[in-house]
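Quick one, structure for this:
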Amino acid sequence: MIRTVNLRGRIGLAAVLALIVLLVALPAFAGSSSTTLPNGAQLTVSITSPADGTQFLADGVPVPVPVTGTASVGVGPPQATIIYVFDASGSTGNAGGACGTVLACEQTFFTGLNTAAGASGAVNHIGLVVFGNDAVKADMTPGGADDQLGASADGNTVVNSISLFNGGFNYNVAQYTSKNGDADGTNYAAALQLALAELTASTDAKKFLIFASDGLSNAGSLSDFNAALTAIAGTGTVANSVAVGASSACSGGTTGNLADITVNGGHCFAVPDPNDLPALIPNLIGSTLTSLTMRVDGGAPTPVATTPALPQPGPATVTYSTLTAGLNPGSHVICVTANATDVTGGSASTTTCVTVKVYDLVLTPASATNDLSTDNTHTVTATLLGPAGSIGGFLVGFSVGGHNAGTLGTCAPVTCLTDATGHVTFTYSVPVSPSSIGTDSITATVTLANPTGATDSEVVAKRWGDTTPPTAACTPTTNPSGGNVPPAGNNPKSGQNPDGFYLLSGTDAVDPNPQITVSDTASSFVAGPYASGTKIKLVQAPGATPNAKPGPGAIDWKITLNGDAVVTVTDSSGNSTTALCKVPPPPK
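Below you'll find the predicted structure:
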């Protein structure tokens, strides 16, 4: 393709293949991805954190995951070779405008291009072929042998050492090894043959050629031109050519033309005014990192802010630190995409992804109450919510605090590891005793393994109580001698127990020592408390002052009431039961 350049009015060029950027995608490390822009620039994005497989805890609410990393364009180990082909035929001694002679304008162009190449960090080697009626390969290293390839840092010295002498009939490359050539002619074929040798000598993955001439070819042979060009195309080299000045053109020439040199997607630029050559450089070099986006689980992309802010011209590296929206338990794929453009008008995107696992520990029931008289065992279930297939085998620790702190229990499975469904139970028991009554706190704790060591603890409450009333009994018992139960108590016609000898009894499932009191149905008098098994003599004496006195012999207490006796048994939790003990009043 032929493009005419007139930059006096600062008319922008259509984009072309850039020559100096990182050209081959490097092997991606975990959490990174690379691709290559149409101009050959490497575009890379990485997720530094979290690492793939990192585990996070939601702890009851969706958890935002912090995501950090870098993105770059045109950055990386240099892997490109550029060969500059410089026309030093006699006509380059003519005036080129403000930059001086055509040769001086070429030098300004090539040194500027080479400086940009060095700044890109992408160019590993450069070479220089200088031609007129013949061609020479410049020595590109300041010491040692005559080296056809060197570093871009040493290139400008060589380019600036080119000059004409002998009235413009000869040229000289003074650095780093002085070489002379015939300037009386324009031999494209000779230049391409030497450029081919330098390209072949390079082991770099990407190769570029910039061929500049101020005249049409008039020396050498077309067959040599075609042969060299075919071989150059076979190396994968992207070749661009520049027609410098009014006497040159992309087409024309008896032994090859500049347009034909543009193999593998290159372009020919016609620059009628040599003074405009330096302005061509941005159109041969350039890429821009335009934007960064993040996507979670295939959702809509969201912009990611960077430091420094995008867009950034390459070579450039930016960092980013952002948060996802809150993530629920499960497996989530976080992807970051870098987008870039280049001077060809091309664009590229590269995406790197990591998978994170979000967990949440749930402990049930949240609260429960047990009646110790019927059940002194409690079971809680810990459930680890998370990615399907990845919730088994986590160690859950259990502890009992609160009233019965330190009580031990057992797990199911016995290892206290979650089963394939994420469940593990914990069961413990307390003594059936008033001392167990109170509220316990049960804590379940799980610690994730990869790689943060985050710990989730859940606490539930357990209330141990006693709501079952005790039993109460008032049964006839022996007389003071302890020998027998008076037979009067067996005579239904004589009342419940006419002799009034009673055994007070009270039992409770939790409290081994319930308290017994005796109250008067005809007054407010209350006697006691007494222990279960106490023997009393009840006397009903209406009008007398109720009282309780120690009894004789086997009888513990003699209790005088105005009415009948109500026996109340009360346990330590305040539950009570009553029984009625009757005795007839004495005869009048």
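
Show me where the stretch 1-150 of the chain has its helices.
102-120 (DSSP state H, counting those that start in this stretch).

now the strands for it?
According to DSSP state E, counting those that start in this stretch, the stretch 1-150 of the chain carries its strands in the segments 2-4, 32-36, 42-49, 55-57, 66-73, 80-87, 123-131, 135-137.

Quick one: closest of those strands to residue 373.
Residue 373 lies closest to strand 55-57 among the strands of the stretch 1-150 of the chain, at 40.2 Å (C-beta to C-beta). Placement of C-beta: from N, CA and C, glycine included.

Show me what that closest one is packed against.
Where contact means 3 or more C-beta pairs under 8 Å, 6 or more residues apart in numbering; DSSP states H and E, strand 55-57 is packed against strand 347-364.

List the buried residues in the helix or strand that the strand it packs on is followed by.
For strand 347-364, the following helix or strand on the C-terminal side (DSSP states H and E) is strand 367-371. For strand 367-371, the neighbour count (16 or more other C-beta atoms under 10 Å) marks residue 370 as buried.

pull the CA atoms of strand 367-371 into CSV?
Output of strand 367-371 as CSV, limited to C-alpha atoms (Å, rounded to 0.1, in the frame of the first residue of the first chain):
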residue,chain,number,x,y,z
SER,A,367,-31.1,-21.4,70.5
ALA,A,368,-32.8,-24.3,72.3
THR,A,369,-34.1,-25.1,75.7
ASN,A,370,-34.0,-28.6,77.3
ASP,A,371,-36.0,-29.8,80.3
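
what helices or strands is that strand leaning on?
For strand 367-371, the packing partners by 3+ C-beta pairs under 8 Å, 6+ apart come out as strand 377-385, strand 455-465.

Buried residues of the last one, list them for me.
Meaning strand 455-465. Result for strand 455-465 [16+ other C-beta under 10 Å]: buried residues 456, 458, 460, 462, 464-465.

So which of the strands of the stretch 1-150 of the chain is nearest residue 184?
Closest to residue 184 of these, according to C-beta to C-beta: strand 123-131, at 11.9 Å.

Please write out the alpha-carbon positions of that closest one in PDB.
Provided in PDB are the C-alpha atoms of strand 123-131 (Å, rounded to 0.1, in the frame of the first residue of the first chain):
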ATOM      1  CA  VAL A 123      14.100  -4.100  20.500                       C
ATOM      2  CA  ASN A 124      16.900  -6.600  21.100                       C
ATOM      3  CA  HIS A 125      19.100  -6.000  18.000                       C
ATOM      4  CA  ILE A 126      19.400  -3.400  15.300                       C
ATOM      5  CA  GLY A 127      21.300  -3.500  12.000                       C
ATOM      6  CA  LEU A 128      22.200  -0.800   9.500                       C
ATOM      7  CA  VAL A 129      22.700  -1.200   5.700                       C
ATOM      8  CA  VAL A 130      24.000   1.800   3.900                       C
ATOM      9  CA  PHE A 131      23.700   1.800   0.100                       C
END
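
Please work out the average pLDDT along it.
Strand 123-131 carries an average pLDDT of 94.

Likewise for stretch 415-427?
97.

same check, this time on stretch 79-86
Across stretch 79-86, the average pLDDT comes to 90.

Adjust the sequence numbering to begin at 35 for everything that follows.
Will do, 35 is the new start, and the previous item becomes stretch 113-120.

Residue 137 touches residue 125, doesn't it?
No. Using C-beta atoms under 8 Å as the test, residue 137 is too far from residue 125 to be in contact (9.3 Å).

Tell me which of these two has more neighbours.
Each of residue 137 and residue 125 has its neighbours counted (other C-beta atoms under 10 Å); residue 137 has more, 28 against 22.

how about stretch 192-210: buried residues?
Buried, per 16+ other C-beta under 10 Å, within stretch 192-210: 192-193, 195-196, 198, 202, 204-207, 209-210.

for stretch 376-394, same thing?
By 16+ other C-beta under 10 Å, the buried positions in stretch 376-394 come out as 376-378, 380, 382-384, 386, 388, 390-394.

mind showing which ranges of the stretch 335-484 of the chain have poor pLDDT?
377-378 (pLDDT under 70).

Mind doing that once more with 80?
Applying pLDDT under 80 to the stretch 335-484 of the chain picks out residues 376-380, 484.

got the residue ranges for the strands in it?
336-337, 340-341, 346-347, 350-357, 364-376, 381-398, 401-405, 411-419, 430-436, 443-446, 457-463, 472-481.

Just list the residues touching residue 98, thanks.
357-361 (C-beta atoms under 8 Å, 6 or more residues apart in numbering).

Distance-wise, check the residue nearest to residue 114 when sequence neighbours are not counted relative to residue 380.
Excluding its sequence neighbours, the residue lying closest to residue 114 (C-beta to C-beta, 6 or more residues apart in numbering) is residue 240, at 4.4 Å. Relative to residue 380, residue 240 is positioned 15 Å away (C-beta to C-beta, to the nearest Å).

cool, residue 574 as well?
Residue 574 is 115 Å from residue 380, where distance means C-beta to C-beta.

try residue 467
Applying C-beta to C-beta to residue 467 and residue 380 gives a distance of 82 Å.

Please apply the same query to residue 97.
According to C-beta to C-beta, residue 97 and residue 380 sit 39 Å apart.

And residue 583, by the same measure?
For residue 583, the distance to residue 380 - C-beta to C-beta - is 114 Å.

And for residue 335?
21 Å.

ok, now residue 325?
Distance from residue 325 to residue 380, by C-beta to C-beta: 16 Å.

Check which residues of stretch 174-182 are buried.
174-175, 181-182.

start to end distance for it?
Start and end residues of stretch 174-182 are separated by 6 Å (C-alpha to C-alpha, to the nearest Å).

from the middle of its chain, how far away would that stretch be?
50 Å (C-alpha atoms, centre = their mean, to the nearest Å).

Need the contact partners of it.
Residues contacting stretch 174-182 (C-beta under 8 Å, 6+ apart): 160-162, 171-173, 183-185, 188-189, 191-192, 209-211, 231-232, 235.
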